[in-house]
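J.: what would the 3D arrangement of this be:
(chains A and B)
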2 protein chains.
Amino acid sequence: MDRVAIIGASMTQFGQRDAWIRELLAEAGQAALADAEVSPDEIEHLYVSNMASGEFEGQTGVPNALAHDLAAMPAYTARIDQTSSSGGAGVYAAWQSVASGASDMTMLVGGEKMTHRSTAEATDVIASLTHPVEYKHGVTLPSFAGLTARLYLDTYDAPRESLGRVAVKNHKNGLDNPHAQFRKEVDLETVLDSPIVADPLRLYDFCPITDGSAALVFCPESVAREYTDEYVVVSGIGGATDTHVVHERADPTTMGGVVNSSEIAYEMADLEPDDIDVAELHDMFTILEFLQSEDLGFFEKGEGWKAVEEGVTDRDGELPINTSGGLKSKGHPLGASGVAQVYEIYKQLIGDAGDRQVDADVGLACNVGGFGNCVTTTIMESR
Amino acid sequence: MDRVAIIGASMTQFGQRDAWIRELLAEAGQAALADAEVSPDEIEHLYVSNMASGEFEGQTGVPNALAHDLAAMPAYTARIDQTSSSGGAGVYAAWQSVASGASDMTMLVGGEKMTHRSTAEATDVIASLTHPVEYKHGVTLPSFAGLTARLYLDTYDAPRESLGRVAVKNHKNGLDNPHAQFRKEVDLETVLDSPIVADPLRLYDFCPITDGSAALVFCPESVAREYTDEYVVVSGIGGATDTHVVHERADPTTMGGVVNSSEIAYEMADLEPDDIDVAELHDMFTILEFLQSEDLGFFEKGEGWKAVEEGVTDRDGELPINTSGGLKSKGHPLGASGVAQVYEIYKQLIGDAGDRQVDADVGLACNVGGFGNCVTTTIMESR
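T.: Numbering: from 1, shown residues only, chains lettered A, B, ... in the order given. Predicted coordinates for the structure are as follows:
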């Protein structure tokens, strides 16, 4: 069977951008076309991953706008929304469009424009994804994170400092990412002394509100070979839901969507957790990096924190995690984040990650929607 | 190759519903599971087609809510938005999920809850899909329809009455559709004497604002045979864009997205327009039924109006169009409409369309997003 390849990628500067969603999407789209050396009229399907351009900006129909702005008509286009994992869902949609034979050249552009709204307004839009019962009682995603972090620390006898080390590591990685929102090293004291947001989590345990976009170009491997020697193959991909209501989970320190989506992806790729050389995890909150690193099978349950403490997940460790700086330092423009994760793995696997480069043939990206409500896991391999 | 089959379908009562989007989606989803005799834990992918639950209702993350409400976890889920053709885009996504091998049992539920907002508010949300230049000058979709209708009547020497006959025909068909919003026959005089909305179009040239949902169950044909003898096959499907800015079209009486998406669908199905026995077209405005019937190749350019005048598209005509009553009488809950079109064709092809039944082995559904900005065309055949 002809596998699905990625032959080009781009991401814009993440941060506070003086540009609307249409402009951000077009910027990444044009850059990815240039990177892949594909002309717009070769694009057959064009997907946009975006959570809430209507709510944030009063603009809907952005896929049509993008087809127009890239001169990609009559390419088919649609928007894929899976809240904060819209990017991963877009990767899945793009993969399906090629694997099904519907398209021999698919572009995915993920993006979000958020910083023109206050943090409270943005948090409110994001909180609208929760169950109405949770939402009306004022439970937002940061508060879930605080509750989960407390439970994790208590259950697995982990020190508060270990969470801080996730922030320290990812900020350090972000220093070498020219697209990152924060290129600023932070020390453990700074994290631990920052203002409390949702006890025990503090300001530096949270990713920022971000504008930005990222893009990928997919095609069958047989077509990829005609374009470039520098491509990667999506060898495994899967998605899965967990309960919409967080309190219904038997163990809130286990993310069922991560477990189930990665099982599908590992099986498709015929790989095991030990085979992964580098990974991008969804560290919207520091605690989530622990949970995912365990639920993906990298470490035993309750031991993810030890791996971070011991430097296993550092850039020069055995399993580098979030070499891009993660959502923590790179930023989290909702619809772009899952696309930017795959961008980072693509760059690592083709050996074009600059100062962030690690030695890797197999990479994994895990994109988490809501508070683990829906997750996509993507495994990529060097050709 | 294993073709993609539809083994079950449902639609809710369309109209003004005292239910929120979550409830509408769950209602159709449960009914489709029952119709297909599939249990929720068999669902592997669950797609929701919906344009604007966030804007209309302040609720996002509805696919996760639906997975929860149907007890379909850990099924993967995502929302597909292509504005007023979200339903058709959902059909395409569901088809791809099965054709790619990612899912052996996919449910699509399309829905929209709109009537709690005023017509002006709803029109404003829909108009946010247009190009910002158009939007800021107050051009809404109804005004485009008026301009296009005037151009069509002038260019092709068609009488104003011919547009009215679309409304008369579709209202007549809707009489026999228990799910239709308006089960009410109207005569030509009523249409022609109704209040002007966008000259030359009057109130009865427009579809209403509607609440409702519809659902379909897809699987490989080899799996379908294990469940039922009553299934249809999606033998052709395609999507295509036209310009985002309507005034950039060389000929606004031709819908490029209809032309291009149907070419892809006909080629995949190895069929021609003459092979189609029954069709559901996107008559959001009466004029659109003329344009689509021509751009799909059923009639020569500028002659679609004659076919309606001559009764060719009546239920007992040579090519029945909108046996369901169309968007005009059935209603147009944005994300549901494209799904309900396929529901109607499915019912016609399995011989379960009740008083609306026509003799048909091959059917086509054409779902139009925006003012033709993006279109999906789906061709189905009896097994």
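J.: C-alpha from now on. contacts and neighbour counts both.
T.: OK.
J.: what about the residue nearest to A:H282 when sequence neighbours are not counted, neighbour count?
T.: Nearest non-adjacent residue to A:H282, counting by Cα to Cα, 6 or more residues apart in numbering or on different chains: A:N367, 5.4 Å away. As a burial measure, A:N367 scores 29 neighbours (other Cα atoms under 10 Å in any protein chain shown).
J.: so A:N367: helix, strand or coil?
T.: At A:N367 the chain is in strand, as set by DSSP: H, G, I helix; E, B strand; the rest coil.
J.: touching, it and A:G338? I think so.
T.: Yes: counting by Cα atoms under 8 Å, A:N367 touches A:G338, with 5.4 Å between them.
J.: for A:D270, the count of nearby residues, please.
T.: Quick note: A:D270 (other Cα under 10 Å) scores 11 neighbours.
J.: now do it against chain B, distance only.
T.: 15 Å (Cα to the nearest Cα, to the nearest Å).
J.: same question, A:E42
T.: The value you get for A:E42 to chain B, if Cα to the nearest Cα is used, is 13 Å.
J.: got the contact list for that residue?
T.: Residues in contact with A:E42 (Cα atoms under 8 Å, 6 or more residues apart in numbering or on different chains) are A:72, A:105.
J.: just want the phi and psi numbers for it.
T.: Main-chain torsions, A:E42, degrees, to the nearest 10: phi -90, psi -20.
J.: okay, it: pLDDT?
T.: Per-residue pLDDT puts A:E42 at 98.
J.: where does chain A have low pLDDT?
T.: Residues of chain A that meet the criterion pLDDT under 70 lie in A:1.
J.: 80 instead?
T.: A:1, A:135-136, A:138 (pLDDT under 80).
J.: list the contacts for A:M73?
T.: Residues near A:M73 by Cα under 8 Å, 6+ apart: A:41, A:67, B:240-243.
J.: now do the shared contacts for A:N367 and A:G338.
T.: Common neighbours of A:N367 and A:G338 (criterion: Cα under 8 Å, 6+ apart): A:85, A:87-88.
J.: ranking by neighbours, what's the top pick from these?
T.: A:G87 leads those on contacts (other Cα under 10 Å) with 38 neighbours.
J.: angle of the helix or strand hosting that one against helix B:86-99?
T.: In the assignment (DSSP states H and E), A:G87 maps to helix A:86-99. Relative orientation of helix A:86-99 versus helix B:86-99 (axes from the mean of the first three to the mean of the last three Cα atoms, to 10 degrees): 60 degrees.
J.: next structured bit after helix A:86-99?
T.: Next along the chain after helix A:86-99, taking DSSP H and E as the criterion, comes strand A:106-112.
J.: which other helices and strands contact that next one?
T.: Applying 3 or more Cα pairs under 8 Å, 6 or more residues apart in numbering or on different chains; DSSP states H and E, we find strand A:106-112 packed against helix A:21-36, strand A:45-49, helix A:86-99, strand A:212-220, helix A:334-349.
J.: the first one: which residues count as buried?
T.: For helix A:21-36, a neighbour-count test (16 or more other Cα atoms under 10 Å in any protein chain shown) marks A:21-33, A:36 as buried.
J.: same check, this time on the shortest one
T.: Of the residues in strand A:45-49, those scored as buried under the neighbour-count criterion (16+ other Cα under 10 Å) are A:45-49.
J.: equivalent analysis for stretch A:276-296, please.
T.: Residues of stretch A:276-296 classed as buried: A:276-296 (neighbour count, 16+ other Cα under 10 Å).
J.: and the residue of the stretch 151-300 of chain A closest to chain B?
T.: Residue nearest to chain B within the stretch 151-300 of chain A (Cα to the nearest Cα): A:A240, separated by 4.1 Å.
J.: that residue reaches A:V368, doesn't it?
T.: No: contact criterion Cα under 8 Å: A:A240 and A:V368 do not qualify, at 10.0 Å.
J.: what touches both of those two?
T.: Shared between the contact lists of A:A240 and A:V368 (criterion: Cα under 8 Å, 6+ apart) are residues A:258, A:374-376.
J.: so what's A:R165 up against?
T.: By Cα under 8 Å, 6+ apart, the residues touching A:R165 are A:188, A:308-309.
J.: among these, who's most crowded?
T.: In terms of neighbours by other Cα under 10 Å, the contacts of A:R165 top out with A:V308 at 23 neighbours.
J.: rewinding a little: beta-bridge partners for the residue of the stretch 151-300 of chain A closest to chain B, please?
T.: Bridge pairing for A:A240 (DSSP bridges) gives the partners A:V375.
J.: what's the closest of the contacts of A:R165 to A:K169?
T.: Closest approach between the contacts of A:R165 and A:K169, by Cα to Cα: A:V308, at 8.4 Å.
J.: which SS state does A:V234 fall under?
T.: A:V234 - assigned by three-state DSSP - is strand.
J.: just the element for the nearest residue to it once chain neighbours are set aside, please.
T.: With Cα to Cα, 6+ apart as the criterion, A:V234 has its nearest non-adjacent residue at 4.5 Å, and that residue is A:M380. For A:M380, the host element (DSSP H and E) is strand A:374-382.
J.: let's have the contacts of A:M73 in TSV, adding distance to B:I126 and neighbour count.
T.: Shown next, in TSV, are the contacts of A:M73 (distance: Cα to Cα, whole Å; neighbours: other Cα atoms under 10 Å in any protein chain shown):
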residue	distance to B:I126	neighbour count
A:D41	28	13
A:A67	19	30
B:A240	20	26
B:T241	18	32
B:D242	18	29
B:T243	17	26
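J.: residue of the stretch 251-383 of chain A closest to chain B, please.
T.: Taking Cα to the nearest Cα, the stretch 251-383 of chain A has A:N373 as its residue nearest chain B, at 6.5 Å.
J.: burial count for that residue?
T.: 34.
J.: need the contact list for the closest residue to it other than its chain neighbours.
T.: Distances taken as Cα to Cα, 6+ apart place A:D242 nearest to A:N373, at 4.8 Å, with adjacent residues excluded. For A:D242, the contact set (Cα under 8 Å, 6+ apart) comprises A:255-257, A:372-374, B:73-74.
J.: what does A:L163 give?
T.: Counting by Cα under 8 Å, 6+ apart, A:L163 has contacts A:205, A:286-287, A:305.
J.: so what does it have for phi and psi?
T.: Dihedral angles phi and psi of A:L163 (degrees, to the nearest 10) take the values phi -60, psi -40.
J.: gap between A:G297 and A:S382?
T.: 21 Å (Cα to Cα, to the nearest Å).
J.: repeat that for A:G351.
T.: Taken as Cα to Cα, the span from A:G351 to A:S382 is 10 Å.
J.: I figured A:S86 hits A:G335, correct?
T.: Yes: judged on Cα under 8 Å, A:S86 makes contact with A:G335 at a distance of 4.9 Å.
J.: spit out the residues that contact the two alike.
T.: A:49-51, A:110.
J.: list just the nearest of these to chain B.
T.: A:M51 (8.6 Å).
J.: could I get the contacting residues of that closest one?
T.: Contact analysis of A:M51 by Cα under 8 Å, 6+ apart lists A:80-84, A:86, A:112, A:334-335.
J.: make it 10 Å
T.: A:M51 makes contacts with A:79-87, A:110-113, A:125-126, A:333-336, B:54, B:60-61, B:79, as judged by Cα atoms under 10 Å, 6 or more residues apart in numbering or on different chains.
J.: ok, A:D229 next?
T.: Contacts of A:D229 (Cα under 10 Å, 6+ apart): A:7, A:350, A:383.
J.: in its sheet, which strands sit next to the one helix or strand the first one maps to, and in what direction?
T.: Looking back up the chat, that one is A:I7. A:I7 belongs to strand A:4-11 when assigned by DSSP H and E. Its sheet considered, strand A:4-11 pairs with strand A:212-220 (antiparallel), strand A:232-241 (antiparallel) by DSSP bridges.
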